[in-house]
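Student: Sequence and computational prediction follow.
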Amino acid sequence: MPTLVSSRNVFGPTPTKERITNKLANKIAVVTGASKGIGATIARRFATEGATVVVNYATSREGADKVVADIAAVGGKAVAIRANISVEADVRQLFQAVKELHGRVDLLAKELGPRGIRVNAISPGMTQTEGLHAAGIPDSDFERQMVAMTPLGRVGQPMDIALPAVFLASDDARFVTGETLFVGSGAGM
């Protein structure tokens with residue numbers, strides 16, 4: 001059984017230092033792959049906006065525990081639950097655990113899309129994550145070439161992806177479904 005860490009409202013500073021709006025107040029959010037990178041930033045940001053967050057991880061318990069601790073440290077609510085979302089039995093156990101803890105799921109940041117539920121996708125451009133660093137891309141000729149092709153002239157940060165994810169998860173996007181939001185510094189222009 002997962003360990004629940006309680007609190008309420010999270011994270012700053014953000015690149016734009018915008019006002020926290022609690023757009024996701026009283027929502028239960030499952031964020032898959034939330035132990036690092038973009039998933040971790042989305043989990044933290046959802047909590048900032050008032051959601052109770054299930055930090056899903058497949059292998060990095062340490063990373064998931066850090067995200068939960070970060071959320072709790074600033075008054076948010078979060079729990080880490082291990083599940084490999086490519087394994088059907090793990091997915092069933094994940095949602096059973098969430099149901100036992102919270103009774104429902106309001107938001108799912110990743111995949112899946114039952115009928116009657118809004119499903120949208122974010123297609124991120126090059127973003128500073130652990131994977132980018134592991135591949136040796138920062139400060140490489142490849143990175144410089146990619147940045148030169150974007151109107152904004154920079155590599156994205158995880159928060160650049162998390163903020164649009166909050167929008168898509170909020171009631172502000174209540175009539176948005178079946179869409180892909182390209183968040184990549186204008187690289188597709």
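Tutor: Received, thanks.

Student: Report the next helix or strand after the lowest-mean-pLDDT helix or strand in the chain in sequence order.
Tutor: The weakest-scoring helix or strand in the chain, judged by mean pLDDT, DSSP states H and E, is strand 4-5 (a mean of 33). On the C-terminal side of strand 4-5, the closest following helix or strand by DSSP states H and E is strand 28-31.

Student: Residue 94 touches residue 58, doesn't it?
Tutor: No. Counting by Cβ atoms under 8 Å, residue 94 does not reach residue 58; the two are 10.5 Å apart. For glycine as for every other residue, the C-beta is placed from the backbone atoms N, C-alpha and C.

Student: So if I had to pick from those two, which one is more boxed in?
Tutor: residue 94 (22 against 16; other Cβ atoms under 10 Å).

Student: Tell me the spacing between the more buried one and residue 55.
Tutor: 11 Å (Cβ to Cβ, to the nearest Å).

Student: what is in contact with those two at once?
Tutor: Shared contacts of residue 94 and residue 55, defined by Cβ atoms under 8 Å, 6 or more residues apart in numbering, are found at residue 81.

Student: so how far is residue 35 from the residue nearest the centre of the chain?
Tutor: Centroid-nearest residue in the chain, with Cα atoms, centre = their mean: residue 42, separated by 2.5 Å. Residue 42 sits 12 Å away from residue 35, going by Cβ to Cβ.
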